[in-house]
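In: Generate a structure from the sequence data that follows.
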Amino acid sequence: MELDQIKKEARVAATAARLLAHDAWKDRAPLALAARPFPFEARADFNVVSAFHPYQSEIDTRLLLGKLAGEGWTTCLPIVLGKGVPLEFRRWLPGEPLTRGVWGIERPPDTSPLVEPDVLIIPLLAFDRQGYRLGYGGGFYDRTLEKLRVLKNIVAIGVGYSGQEVDAVPHGAHDQPLDYMMTEKEIFKCG
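Out: Predicted coordinates:
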């Protein structure tokens with residue numbers, strides 16, 4: 001079976017597993033993420049962090065983003081520009097106005113300044129301990145990580161429910177690995 005078909009089938013199972021985890025943890029998980037010490041401190045040359053506005057049954061990272069803003073991080077959200085194009089990031093603090101973007105996902109307005117993240121907090125359907133994630137299949141984060149990793153040292157942190165963990169995520173040469181993983185139960189270095 002080809003990798004694309006394997007991933008397609010894995011997405012069906014992962015979506016169901018995430019929905020179960022979301023139903024069980026959606027109210028407590030954001031608090032757990034924000035209560036845990038973040039693995040990095042903001043500094044002059046490393047101070048922009050991106051998270052994501054929750055979509056469907058994704059874990060909600062807004063409390064975590066608010067905490068990080070209070071710790072000196074410049075916070076931002078990703079914006080989908082189009083198929084096959086890396087994401088762009090615009091500054092945003094929880095509570096500031098948002099507009100609807102692609103797929104109805106909330107995003108900062110075009111008047112918010114563009115920024116380039118040092119740390120990316122990334123959504124997923126499934127993850128493994130080696131640092132591979134299963135996304136929706138658009139490749140937006142893989143393209144973005146590939147582009148940013150050529151420019152500078154960045155950190156990719158997957159965020160999801162512990163119930164989304166699998167033994168091994170099917171992956172290919174273009175799939176960019178995560179450096180860390182955060183769930184409502186733990187944070188760990190991948191690899």
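
In: quick one, strands of this structure?
Out: For the chain, the strands defined by DSSP state E cover 48-50, 74-79, 88-91, 99-100, 106-107, 114-115, 119-122, 126-127, 133-134, 155-159, 180-182, 187-189.

In: Kindly reformat those strands as TSV containing distance to Leu33, mean pLDDT and mean neighbour count.
Out: Quick note: C-beta positions are derived from backbone N, CA and C, even for glycine. Shown next, in TSV, are the strands of the chain (distance: least, Cβ to Cβ, whole Å; pLDDT from 0 to 100; neighbours: other Cβ atoms under 10 Å):
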stretch	distance to Leu33	mean pLDDT	mean neighbour count
strand 48-50	13	98	24
strand 74-79	14	98	24
strand 88-91	20	98	19
strand 99-100	25	94	10
strand 106-107	18	93	18
strand 114-115	22	98	15
strand 119-122	9	98	25
strand 126-127	15	98	25
strand 133-134	17	97	24
strand 155-159	7	98	23
strand 180-182	6	98	23
strand 187-189	9	97	13
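
In: Out of the ones you listed, which is closest to Glu2?
Out: Glu2 sits nearest to strand 133-134 of all the strands of the chain, at 15.6 Å, using Cβ to Cβ.

In: Quick check: Glu96 touching Pro108?
Out: Yes. With contacts counted by Cβ atoms under 8 Å, Glu96 reaches Pro108, the gap being 7.2 Å.

In: Look at the two and report which has more neighbours.
Out: Shown here are Glu96 and Pro108; by other Cβ atoms under 10 Å, Pro108 has more neighbours (23 against 12).

In: For that one, which residues are in contact?
Out: Contact analysis of Pro108 by Cβ atoms under 8 Å, 6 or more residues apart in numbering lists Cys76, Leu77, Ile79, Arg90, Arg91, Trp92, Glu96, Leu98, Thr99.

In: wait, what's in contact with the first one?
Out: Contacts here follow Cβ under 8 Å, 6+ apart; on that basis Cys76 touches Val48, Val49, Ser50, Phe89, Arg90, Arg91, Trp92, Pro108, Val115, Pro117.

In: before we move on, the earlier item: and the strands of the chain as JSON lines, adding distance to Glu9?
Out: Compiled in JSON lines, the strands of the chain are given as follows (distance: least, Cβ to Cβ, whole Å):
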{"stretch": "strand 48-50", "distance to Glu9": "30"}
{"stretch": "strand 74-79", "distance to Glu9": "27"}
{"stretch": "strand 88-91", "distance to Glu9": "31"}
{"stretch": "strand 99-100", "distance to Glu9": "31"}
{"stretch": "strand 106-107", "distance to Glu9": "30"}
{"stretch": "strand 114-115", "distance to Glu9": "37"}
{"stretch": "strand 119-122", "distance to Glu9": "22"}
{"stretch": "strand 126-127", "distance to Glu9": "12"}
{"stretch": "strand 133-134", "distance to Glu9": "11"}
{"stretch": "strand 155-159", "distance to Glu9": "21"}
{"stretch": "strand 180-182", "distance to Glu9": "23"}
{"stretch": "strand 187-189", "distance to Glu9": "27"}
